[in-house]
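Trainee: Quick one, fold the following:
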Amino acid sequence: MIDKSSSVAKERSTAREDRFQGHDYYNLDELLSDDHLLAREAVRAWVKQEVSPIIEEYSERAECPTHLFKGLAEIGAFGPSLPAEYGGGGMDEIAYGIIMQELERGDSGIRSMASVQGSLVMYPIYKFGSEEQRRKYLPKLASGEFIGCFGLTEPDHGSNPAGMVTNVKDDGDAYILNGAKMWITNSPVADLAVVWAKREDGKVIGLIVEKDMPG
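Mentor: Residues are numbered from 1 along each chain as shown. Modelled structure (predicted):
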């Protein structure tokens, strides 16, 4: 069992000894709850142990350290503010920001991977997906069993939805999706993608596309 009071006190004191910790000139830490500080302590410790020692080597080889995904899930970095019933952490947005800040201190790519997984894949499915889709995908994304990506950016129009060329047609029994995307974070290792495309009426919609779907 964690002694919350001693753990929080330790987090406050060791923050001053961390050479990567900026000065808290406005005493913003005093506005954080004990739960926020515990989350920060846990993620910071994980980054120091698992990310910092190996990330430079992976960066030089231009490789993704996929073995870190399980650990990211275990520390609650995937969908921390989504409801627990779908595998999320049930935390507030401040906690989400703290977790991402700590990951960023270790490596921007790792933070980006987690941000995409939680905010650009899991959240759209939670917010706009059917209950069947939530039950099917969110727990597996939260646990790291599935890795997701967010398909918006296109070769000729960047991330401008108004200029989007990728289109989708409802063929009755299936959707026909045509187009190209690029610069998609997580795509080389993703099991599914939330792909954004224009319908025939010009409305932009998102589609869940699994890696092994035909087409």
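
Trainee: how near is Asp170 to Ile205?
Mentor: Asp170 sits 10 Å away from Ile205, taking CB to CB, to the nearest Å as the criterion. In this view, the C-beta of every residue, glycine as well, is placed from N, C-alpha and C.

Trainee: Dihedrals phi and psi, the residue lying farthest from the centre of the chain?
Mentor: Largest separation from the mean C-alpha position in the chain: Gly172, at 33.0 Å (CA atoms, centre = their mean). Gly172 has phi and psi values of phi 90, psi -80 when expressed as degrees, to the nearest 10.

Trainee: Over to Tyr137?
Mentor: For Tyr137, the backbone dihedrals (degrees, to the nearest 10) come out as phi -100, psi -40.

Trainee: Might one say that Leu152 is in contact with Lys181?
Mentor: Yes - between Leu152 and Lys181 a contact is recorded at 7.2 Å, counting by CB atoms under 8 Å.

Trainee: who has more neighbours, these two?
Mentor: With other CB atoms under 10 Å as the criterion, Leu152 and Lys181 differ in neighbour count, and Leu152 comes out ahead with 22 against 19.

Trainee: ok, so what distance separates that one from Gly144?
Mentor: As it turns out, when the distance is counted by CB to CB, Leu152 lies 23 Å from Gly144.

Trainee: go on, Ala73?
Mentor: From Ala73 to Gly144 the distance is 4 Å (CB to CB).

Trainee: my guess is Pro80 contacts Gly97, does it?
Mentor: No - contact status for Pro80 versus Gly97: not in contact, 9.8 Å apart, counting by CB under 8 Å.

Trainee: And the two? Which one has more around it.
Mentor: Neighbour count, other CB under 10 Å: between Pro80 and Gly97, Pro80 has more, with 25 against 13.

Trainee: and Ala180, how many residues sit next to it?
Mentor: As a burial measure, the neighbour count of Ala180 was computed by other CB under 10 Å and equals 10.
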